[in-house]
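[1] With the input below, show me the fold.
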Amino acid sequence: MSRNVGNPTCGADSWAPPVLSITTGICCFVIAVVATIGNGLIIVAVIADPLKKLRNPFNYFLINLAVADFIMGSISMPLCVYTHYLEYKVMLEPIVNNILRMSYFISGMASLISLITLTIDRYIAISRAIKYRLYFSWKRCIFITAIIWTISIAFPFIYFKVGAVEYYFVFACVAILTSFVVLVIIIIQMNKLFRRQSRVMTAQLPSSASSDFQRRRLVQEKRLTRTYLLVIVFFILLYLPGVAMTFMLYFWKILDCVPDTFYGISNLYLYRSIHASIHSSTWYD
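    Numbering: from 1, shown residues only. Have a look, this model is predicted:
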């Protein structure tokens, strides 16, 4: 966001340029519309599926991700637009600012953990296809979902203890960078597994009915996994600028001097919200 209350800047009572508040507010409005509609359609598509073909563990976790991003689009982004309007008018509403940040933090954490869960789901679906349903029974899916949202709601309360900039820094170090490492490791393992399975399928006789079924299943899993990996690539590309700027913002604050304009473009969750709007249109292409 642009200039926020309680964050040191280079100069007392200084504010970000009005054009920055207007531009960021417009971007937030567009993201709100796309993220709310896109993720809302995903939720409805899975829940209202008359044939129940979409009701599988992967889509169950996908709904978690969609709900997190729906919160981002329907609550965080509209509040963001309102906050930037107040900034443009040089007005302050700390309560609105806190609600905005907490909605950001909760949805951001839930989205991040859901992405990791989906990645693990894809890996097990490919590497342990026979036992996949055993590993991800409905009871376990519900239990995992409860853990995801418990962590997502509890972790952001650190913000009230340390402040916004410090929370961005902690989140970037603990959650995002750790997730990057986990995602990269699992993706590398999936690629190795794909190549190994392709060699096995090629070596089998083409007349085998079981081999044909396995090939079709492998192709289907590959297609879904490639779509998911595309989402992960967007996730990494859109989060990295925010992470880099968060580190710069943190060290600038140590020097008690944060340039207003830089503060306006360093919002980690603005980049995350862009990701929320992009992947909402990717899953069912």
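
[2] Next, the buried residues of whichever helix or strand I116 is part of.
    Element membership for I116 (DSSP states H and E) is helix 94-127. Within helix 94-127, the residues scored as buried using 16 or more other Cβ atoms under 10 Å are 97, 100-126. C-betas here are computed from N, CA, C, even on glycine.

[3] and the following helix or strand past that helix, what does it pack onto?
    Counting by DSSP H and E, the next helix or strand C-terminal to helix 94-127 is helix 132-135. Applying 3 or more Cβ pairs under 8 Å, 6 or more residues apart in numbering; DSSP states H and E, one finds that helix 132-135 makes contact with helix 94-127.

[4] need the helices for the stretch 101-250 of the chain, in chain order.
    For the stretch 101-250 of the chain, the helices defined by DSSP state H, counting those that start in this stretch cover 132-135, 138-154, 158-162, 164-170, 177-203, 209-254.

[5] Average pLDDT for the last one, rounded please.
    Along helix 209-254, the predicted confidence averages to a pLDDT of 70.

[6] now swap in the second one and tell me
    Helix 138-154 shows an average pLDDT of 92 in the prediction.

[7] How about the first one?
    Average pLDDT, helix 132-135: 82.

[8] Which residues belonging to that helix are considered buried?
    By neighbour count with 16+ other Cβ under 10 Å, helix 132-135 contains the buried residues Y132.

[9] what do you get for the second one?
    Neighbour-count burial for helix 138-154, with 16+ other Cβ under 10 Å as criterion, is recorded at C141, I144, T145, I148, W149, S152.

[10] Isn't the third one up against L65?
    The one in question is T145. No: at 11.0 Å, T145 does not count as touching L65 under the criterion of Cβ atoms under 8 Å.

[11] Low-confidence regions, the stretch 51-200 of the chain specifically.
    Filtered on pLDDT under 70, the stretch 51-200 of the chain yields the residue ranges 90-92, 197-200.

[12] Pop out the phi and psi values for P50.
    Dihedral pair for P50: phi -70, psi -30, per degrees, to the nearest 10.

[13] On the pLDDT front, check it for me.
    79.

[14] Please work out how many residues are found near it.
    For P50, the neighbour count with other Cβ atoms under 10 Å is 5.

[15] any idea how far I232 is from it?
    31 Å (Cβ to Cβ, to the nearest Å).

[16] what do you get for A66?
    The value you get for A66 to I232, if Cβ to Cβ is used, is 16 Å.

[17] cool, and A48?
    Counting by Cβ to Cβ - A48 and I232 are separated by 27 Å.

[18] Looking at these two, which is more packed in?
    I232 (19 against 8).

[19] ok, now which ones touch the nearest residue to H84 once chain neighbours are set aside?
    In space, H84 comes closest to G25 once its chain neighbours are excluded; the distance is 3.5 Å by Cβ to Cβ, 6 or more residues apart in numbering. By Cβ atoms under 8 Å, 6 or more residues apart in numbering, G25 lies in contact with C80, V81, H84, Y85, Y88.

[20] element containing G25, please.
    Per DSSP H and E: G25 is located in helix 18-47.

[21] What of C80?
    Using DSSP H and E, C80 sits in helix 77-88.

[22] quick one: contacts for Y60?
    Taking Cβ under 8 Å, 6+ apart, we find Y60 in contact with V46, W138, C141, T145.

[23] Mind doing that once more with 10 Å?
    Neighbouring residues of Y60 by Cβ atoms under 10 Å, 6 or more residues apart in numbering: V46, L54, T117, L118, D121, F136, W138, C141, I142, I144, T145.

[24] Looking at those residues, which one is closest to V184?
    Relative to V184, the closest of the contacts of Y60 is L118; by Cβ to Cβ it sits at 14.9 Å.

[25] Nearest spatial neighbour of that closest one, chain-adjacent residues omitted?
    Nearest in space to L118, with sequence neighbours left out and distances taken as Cβ to Cβ, 6+ apart, is F61 at 5.1 Å.
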